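Participant: Sharing a model that was predicted from the sequence below.
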Amino acid sequence: MTYMPGDAGQEGSYYRPGGAQPGPEYDDFPLPMSPDSPPPKRRRTGCIALISIGVVAVTVIAGVAIVEALPREGSTNTAGFHPTAKSPSGDAEQIVTAFLRAWSSDNLGAAAGLTDDPTLAQEALTAYHQGLNLRKLTGTVTGTAVASPPAVPAGMSAAGAQASTTLETVTFTLNATVADSAGPAALSGTWSYRSALTAYQVPDGSGWLIQWLPSVVAPSLADGQQLAAVAVPPADTSVTDSAGNPLSSYNDPGLATVANLLTRMAPTRQGSPGLSVQVEDGSGGGVSGNPTTIIAPKAARIATTISPAAEQAARNAVSGTDDSAIVVIQPSTGHILAIANNAQFNDYALTASVPPGSTMKIITATALMNSGLVTESSPVACPPAYTVQGVVYHNDNGESEPAGTPFSYDFAQSCNNAFAQWWPQLSGQLASTAQTYYGLNQPWNIGIPGESASYFSAPAGASGSELAQEAFGEGLLTASPLAMASVAATVDSGQFRQPVLLPGLTTVSAQPLPPDTDAQLRDMMRDVVTEGTAETLGFGTDIYAKTGTADVEGQGEPDSWMVAFDPDEDVAIAALAVNGGGGAQVAGPEVKTFFDEYRA
């Protein structure tokens with residue numbers, strides 16, 4: 001191999017243009033030398049093959065190809081890398097390709113030696129590898145263009161720059177696999193970005209050099225700065241509906257409370273950290289405007305069963321009445337599809353503890369039919385007044401039904417005394433029926449940590465006048481819309497499935513409704529819509545319902561209730577308007593609004 005003239009006093013030394021001091025030795029890289037000097041001693045780190053073709057020498061060192069041209073006739077300065085292309089842009093691409101190959105092969109000394117400031121270049125490249133915990137690097141030249149106006153390379157005077165024959169800007173793409181630590185289990189990712197550098201032909205010579213600037217390794221880098229790969233903690237826990245929308249997006253205060261409670265699960269629902277590259281100053285502090293995200297951190301997502309369509313329809317349904325709430329359940333699964341409130345932060349949908357009114361007559365009718373006391377067609381009178389232990393009970397608005405009235409019609413018209421009169425036979429039956437077939441009167445874990453609760457309460461020892469009141473949904477009975485929506489869902493499917501906000505929970509169970517009882521309950525709930533208290537609401541042919549009106553002592557208006565289900569849509573609903581009035585006047589229209597929008 002022919003060696004280039006150079007500084008005979010420095011084996012393997014490198015001249016900066018303009019007579020700068022020699023830089024550090026190349027590591028296994030051919031260097032310009034005096035033609036009278038002996039070949040330099042090299043440490044062999046790979047196979048070296050020399051091929052002479054005309055005046056071109058190709059050296060392969062540790063897998064990095066370096067192309068050098070022998071001195072051109074008449075040249076006086078042999079410093080730099082000697083390309084063999086037939087154009088300045090080609091020459092520039094060759095030196096940048098050599099630089100990228102040496103850099104990506106971790107031959108930082110060789111890469112730095114192709115620049116006009118090897119010391120600073122090697123320091124910067126070393127900091128790049130260490131700060132990013134670099135695992136792999138590849139680089140590709142993407143284009144060259146003549147710089148205009150030409151910049152003055154480092155170490156060159158303005159006159160020297162003018163004497164330079166060529167000044168080229170070269171763009172390239174880097175793909176750097178970076179990690180947040182040097183350990184084998186570190187989080188790693190690939191940072192792909194573009195950068196650029198200036199390559200120039202040495203004045204009065206045929207060699208080329210790369211102008212060293214910190215921005216060579218990354219466009220945003222300046223003097224005194226370095227890059228660092230850092231881990232980013234997981235994002236805050238996100239509680240979403242079944243489609244991934246944050247529950248907070250519905251602007252329902254009660255639902256927001258549910259979301260806040262569910263975030264307590266974050267320790268058991270871990271997100272994943274992210275990875276970013278940031279620019280740091282000399283003290284290791286981050287520079288504003290950074291970092292660059294390599295891997296976005298992921299939140300611990302808690303996906304609930306809330307349905308976007310059901311939730312929006314329920315929100316619209318309660319919007320017109322203060323202190324109202326709706327719960328929607330999927331009977332086939334027990335999934336809670338909607339929790340909607342118009343009572344500020346009073347989450348009445350889950351926390352209301354009020355008498356269920358005539359919606360309780362579903363459970364009372366179940367107990368009576370299971371005991372063989374009545375069928376839907378049994379004649380049951382509903383007297384205008386009924387006295388138990390000195391307490392006189394009157395029907396709403398003074399209504400009554402004569403002897404021979406089918407029990408189903410009493411149910412449809414919601415005549416209280418048709419139910420109160422059975423109190424002697426119902427001793428111990430209401431509470432047990434509520435639990436045995438409807439899963440009520442016991443704690444449910446719907447998925448809110450630490451909030452396992454009973455959403456329905458029926459005193460097991462009720463008797464006398466208290467039991468007579470409970471038969472039509474008042475007295476010491478308390479219920480929430482969640483519990484009563486579940487009652488409607490159980491009639492729809494014939495089988496209780498505990499409501500849940502999170503799938504996969506351990507839930508309580510109950511016996512299936514006897515098929516004959518369930519069929520009769522469905523008939524009677526259909527009668528409510530066709531000839532009963534909900535007849536004028538215009539539900540159509542597919543809805544089964546029960547209205548409820550519950551008087552509350554000291555309250556100006558009764559609480560308004562309605563439960564309903566649509567078997568074609570696999571949804572059941574309960575609506576409560578506290579201090580709202582009659583069930584058919586307030587809760588009924590809300591349920592109608594829900595179904596109209598949900599089925600649209």
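Facilitator: Everything's here; your move. Residues are numbered from 1 along each chain as shown.

Participant: Quick check: chain neighbours aside, which residue is closest to residue 360?
Facilitator: Once flanking residues are discounted, residue 360 sits nearest to residue 473: 3.3 Å by CB to CB, 6 or more residues apart in numbering. C-betas here are computed from N, CA, C, even on glycine.

Participant: ok, that neighbour touching residue 548?
Facilitator: Yes: look at residue 473 against residue 548 with CB atoms under 8 Å: they come within range, at 6.1 Å.

Participant: contacting residues for the residue nearest to residue 360?
Facilitator: Contacts were defined as CB atoms under 8 Å, 6 or more residues apart in numbering; by that measure residue 473 touches 355, 356, 357, 358, 359, 360, 361, 548, 550.

Participant: Can you flag which of these belong to strands?
Facilitator: Applying DSSP state E to the contacts of residue 473, the entries found in strands are 548, 550.

Participant: In helices, which of the contacts of residue 473 fall?
Facilitator: Among the contacts of residue 473, the members falling in helices (DSSP state H) are residue 361.

Participant: Buried only: go through the contacts of residue 473 for me.
Facilitator: Among those, those buried by neighbour count (16 or more other CB atoms under 10 Å) are 355, 356, 357, 358, 359, 360, 361, 548, 550.

Participant: Strands of the stretch 151-300 of the chain, start to end?
Facilitator: 167-179, 188-201, 208-211, 226-232, 238-240, 274-280, 292-295 (DSSP state E, counting those that start in this stretch).

Participant: cool, and the stretch 451-600 of the chain?
Facilitator: 456-457, 478-479, 544-550, 559-566, 571-577.

Participant: Indicate which one of those strands is closest to residue 277.
Facilitator: Across the strands of the stretch 451-600 of the chain, residue 277 has its closest neighbour in strand 571-577 (49.4 Å, CB to CB).

Participant: strand partners of the closest one, parallel vs antiparallel please.
Facilitator: Applying DSSP bridges, strand 571-577 is found paired with strand 324-329 (antiparallel), strand 559-566 (antiparallel).

Participant: Turn the contacts of residue 473 into TSV, columns for distance to residue 300 and pLDDT.
Facilitator: As requested, the contacts of residue 473 are arranged in TSV below (distance: CB to CB, whole Å; pLDDT from 0 to 100):
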residue	distance to residue 300	pLDDT
355	40	97
356	37	97
357	41	96
358	44	97
359	38	98
360	41	98
361	44	98
548	40	96
550	41	93
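
Participant: which one of the contacts of residue 473 is nearest residue 599?
Facilitator: residue 359 (22.1 Å).

Participant: And the closest one, how far from residue 575?
Facilitator: The gap separating residue 359 from residue 575 is 10 Å, by CB to CB, to the nearest Å.

Participant: For those two, list the residues in contact with both.
Facilitator: 561, 562, 563.

Participant: Show the model's pLDDT score for the residue lying closest to the last one once chain neighbours are set aside.
Facilitator: The spatial neighbour of residue 563 that comes closest, neighbours along the chain excluded (CB to CB, 6+ apart), is residue 488 at 4.0 Å. For residue 488, the model assigns a pLDDT of 98.

Participant: ok now do residue 488, which residues does it touch?
Facilitator: With contact set as CB under 8 Å, 6+ apart, residue 488 has these partners: 329, 331, 362, 525, 544, 546, 563, 564, 565, 572, 573, 574.

Participant: Residue 427 too?
Facilitator: Going by CB under 8 Å, 6+ apart, residue 427 touches 463, 467.

Participant: residues near residue 562, how many?
Facilitator: Residue 562 has 33 neighbours, counted by other CB atoms under 10 Å.

Participant: Relative to residue 396, how far out is the residue nearest to it when sequence neighbours are not counted?
Facilitator: Closest residue to residue 562 apart from its sequence neighbours, by CB to CB, 6+ apart: residue 587 at 4.0 Å. As judged by CB to CB, residue 587 and residue 396 stand 15 Å apart.

Participant: if you count what's nearby, which of these two comes out ahead?
Facilitator: Taking neighbours as other CB under 10 Å, residue 587 and residue 396 compare with residue 587 leading, 36 against 18.

Participant: Just confirm the more buried one contacts residue 577, I think it does.
Facilitator: Yes: if you go by CB under 8 Å, residue 587 and residue 577 touch, sitting 5.3 Å apart.

Participant: shared neighbours, these two?
Facilitator: By CB under 8 Å, 6+ apart, the residues touching both residue 587 and residue 577 are 324, 560.

Participant: count of neighbours near the nearest residue in space to residue 220 that is not next to it in sequence?
Facilitator: In space, and not counting its chain neighbours, residue 220 is closest to residue 279: 5.8 Å by CB to CB, 6+ apart. Counted with other CB under 10 Å, residues neighbouring residue 279 total 21.

Participant: For residue 279, which residues count as its bridge partners?
Facilitator: Applying DSSP bridges to residue 279 yields these beta-bridge partners: residue 227.

Participant: which residues touch it?
Facilitator: Residue 279 sits next to 218, 220, 221, 225, 226, 227, 286, 287, 289, 290, 291 when contact means CB under 8 Å, 6+ apart.

Participant: likewise residue 314?
Facilitator: 326, 328, 338, 339, 340, 573, 594.

Participant: now do residue 191
Facilitator: 132, 174, 175, 176, 177, 178, 277, 292, 294.

Participant: same thing but at 10 Å, please
Facilitator: 132, 134, 137, 174-178, 218, 227, 229, 275-277, 292-295 (CB atoms under 10 Å, 6 or more residues apart in numbering).

Participant: distance of the residue nearest to it when sequence neighbours are not counted from residue 227?
Facilitator: Distances taken as CB to CB, 6+ apart place residue 176 nearest to residue 191, at 4.7 Å, with adjacent residues excluded. For residue 176, the distance to residue 227 (CB to CB) stands at 9 Å.

Participant: Now the common contact residues for the two.
Facilitator: In contact with both residue 176 and residue 227: 128, 129, 132, 134, 191, 217, 218, 277, using CB under 10 Å, 6+ apart.

Participant: Stretch 87-107 - what's its average pLDDT?
Facilitator: 95.

Participant: buried ones in that stretch?
Facilitator: For stretch 87-107, using 16+ other CB under 10 Å, the buried residues are 88-89, 91-105, 107.

Participant: got TSV for the strands paired with strand 571-577, with distance to residue 300 too?
Facilitator: Output for the strands paired with strand 571-577, formatted as TSV (distance: least, CB to CB, whole Å):
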stretch	distance to residue 300
strand 324-329	26
strand 559-566	35
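
Participant: can you tell which of these is closest to residue 260?
Facilitator: When the strands paired with strand 571-577 are compared by CB to CB, strand 324-329 sits nearest residue 260, at 17.9 Å.
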